[in-house]
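Novice: here's my sequence, what's the structure:
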Amino acid sequence: MSKGDHVFNNIVAKMNGAFEAGFIAYARDKLASGSAGSAPLVTLIHSRAARDDWMRRRMPRTSSLLTAFIEDVALRDLRESLQTATYLGGDVNNDAYSMHAREFQDAVVRLFTKIARTRSYVSEGDLTPDITRVRRAFFHMTRAAEDPGALQRLLDQVQGSARERARVEAAVQAVRARLEFAWGACERIFRTAAAELLRLPRS
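Specialist: Alright, predicted model coming up:
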């Protein structure tokens, strides 16, 4: 039997997807307003490789923070290891988690759209409520990230081994601790993105 549902939904993928959707919204808005500058905006909209390269060159601090988040061992590798071995229901996305994930991405897109329409870094403080909204949406998403019943199914599978049960419980606690740390990391990522985008040279 193949592995089934995750104890935790994929926060890393949701962060990456929301950031990408926001960045595309930023590029589209800039293109629509005629503020092309020196960036090949059409390419940035349609090519992930171009976006990644552009970010590394133009938004190095944001790129570094986002990469560190994506490569977080607890949020990625440990979370992936916490799967039930025989559950046949597939990957569970419960309704609450799916709703909060959509709200998080919507908040990110609104933030990036507002960044695109903010003319100067002098107005950076105007974005604070939008960044707070993103962090709050991320918080609610992470609180709903654990699938109901999945942890118990996983523990049931290792009930015959105290050592294995202890390993699973420790891994779960490590992911939960990193999720708490991720709330602050989320705000830093988007605050840094706003700062770097608003300081790009205008042409």
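Novice: rest of the way, CA atoms for contacts and neighbours
Specialist: OK.
Novice: can you dump the C-alpha coordinates of the lowest-mean-pLDDT helix or strand in the chain into PDB?
Specialist: Least confident element among the helices and strands of the chain, by mean pLDDT, DSSP states H and E: helix 41-46 (a mean of 80). In PDB, the C-alpha atoms belonging to helix 41-46 read as follows (Å, rounded to 0.1, in the frame of the first residue of the first chain):
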ATOM      1  CA  LEU A  41       7.700  42.000 -17.100                       C
ATOM      2  CA  VAL A  42       6.000  39.700 -19.700                       C
ATOM      3  CA  THR A  43       8.800  37.200 -19.100                       C
ATOM      4  CA  LEU A  44       8.500  37.500 -15.400                       C
ATOM      5  CA  ILE A  45       4.800  36.700 -15.600                       C
ATOM      6  CA  HIS A  46       5.200  33.600 -17.600                       C
END
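Novice: next secondary structure after the helix or strand harbouring residue 134?
Specialist: Counting by DSSP states H and E, the element that carries residue 134 is helix 128-143. Note on helix 128-143: by DSSP H and E, the next helix or strand toward the C-terminus is helix 150-157.
Novice: and the average pLDDT for that next one is what?
Specialist: Averaged over helix 150-157, pLDDT sits at 87.
Novice: pLDDT value on the residue of the chain positioned farthest from its centre, please?
Specialist: Centroid-distance maximum for the chain: residue 160 at 36.2 Å, with Cα atoms, centre = their mean. Looking at residue 160, its pLDDT is 87.
Novice: okay, angle between the longest helix along the chain and helix 128-143 too, please.
Specialist: Using DSSP state H, we find that the single longest helix of the chain is helix 162-198. Between helix 162-198 and helix 128-143, the angle comes out at 160 degrees (axes from the mean of the first three to the mean of the last three Cα atoms, to 10 degrees).
Novice: verify the stated contact: residue 134 with residue 109.
Specialist: No - here residue 134 lies out of contact with residue 109, judged by Cα atoms under 8 Å, at a distance of 9.4 Å.
Novice: is it true that residue 31 touches residue 41?
Specialist: Yes - shown here, residue 31 and residue 41 form a contact pair, counting by Cα under 8 Å, at 6.4 Å.
Novice: more neighbours: which of those two?
Specialist: More crowded of residue 31 and residue 41, by other Cα atoms under 10 Å: residue 41, with 21 against 18.
Novice: got a list of what that one touches?
Specialist: By Cα atoms under 8 Å, 6 or more residues apart in numbering, the contact set of residue 41 is 27-28, 30-31.
Novice: nearest to residue 126, of those?
Specialist: residue 30 (18.7 Å; Cα to Cα).
Novice: all good on my end, thank you.
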